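Engineer: pasting the sequence and the predicted model now:
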Amino acid sequence: QVQLVESGGGLVQAGGSLRLSCAASGSILSINVMGWYRQAPGKQRELVANIISGGSTTYADSVKGRFTISRDNAKNTVYLQMNSLKPEDTAVYYCNAQGRRRPLPGTFDSWGQGTQVTVSS
């Protein structure tokens with residue numbers, strides 16, 4: 001079993017910054033993809049950004065140029081630096097990780113518990 005623990009959410013004024021962290025633990029052999037999703041009230045969960053093991057990244061159009069995703073493979077941790085935050089960024093942010101676990105040929109697709117990000121205008 002693989003667990004994800006998120007931290008770093010909170011309340012910030014528009015234009016401000018926050019940094020989210022997500023650490024994966026458990027019987028991990030390798031992590032292929034780590035990413036961040038968000039879900040605002042009344043809306044579907046959407047991809048914010050993800051990063052694969054080689055370092056390639058994908059961003060939602062709405063956050064390009066403002067958010068930066070990075071990962072520390074040695075710590076099985078992914079980060080999301082969020083700058084120039086807007087009220088429309090308000091949502092619960094979820095961490096996701098996919099990879100291989102022990103015992104082989106186990107795989108995992110795990111989610112964190114979510115962390116609230118609120119941006120006031």
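Structural biologist: Now that the structure is in, tell me what you want to look at.
Engineer: and the strands in this protein?
Structural biologist: Ranges of strands in the chain, per DSSP state E, are 2-7, 10-13, 18-26, 28-39, 46-52, 57-59, 67-72, 77-82, 91-101, 107-111, 115-120.
Engineer: next one: the shortest one to chain centre, how far?
Structural biologist: In terms of Cα atoms, centre = their mean, to the nearest Å, the centre of strand 57-59 is found 11 Å from the chain centre.
Engineer: what are the bridge partners for residue 35, then?
Structural biologist: residue 50, residue 96 (DSSP bridges).
Engineer: coming back round to it: could you look over the strands of the chain and pick the most buried one?
Structural biologist: strand 77-82 (a mean of 22; mean count of other Cβ atoms under 10 Å). All C-beta spots, glycine's among them, are computed from the backbone N, C-alpha and C.
Engineer: what are the pairing partners of it, and which direction each?
Structural biologist: strand 18-26 (antiparallel), strand 67-72 (antiparallel).
Engineer: what mean pLDDT would you report for the first one?
Structural biologist: Right, the one you point to is strand 18-26. For strand 18-26, mean pLDDT is 98.
Engineer: please apply the same query to stretch 79-88.
Structural biologist: 98.
Engineer: circling back: dump the strands paired with strand 77-82 to TSV, plus distance to residue 96.
Structural biologist: Shown next, in TSV, are the strands paired with strand 77-82 (distance: least, Cβ to Cβ, whole Å):
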stretch	distance to residue 96
strand 18-26	9
strand 67-72	12
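Engineer: what's the closest of those to residue 35?
Structural biologist: Residue 35 lies closest to strand 67-72 among the strands paired with strand 77-82, at 7.4 Å (Cβ to Cβ).
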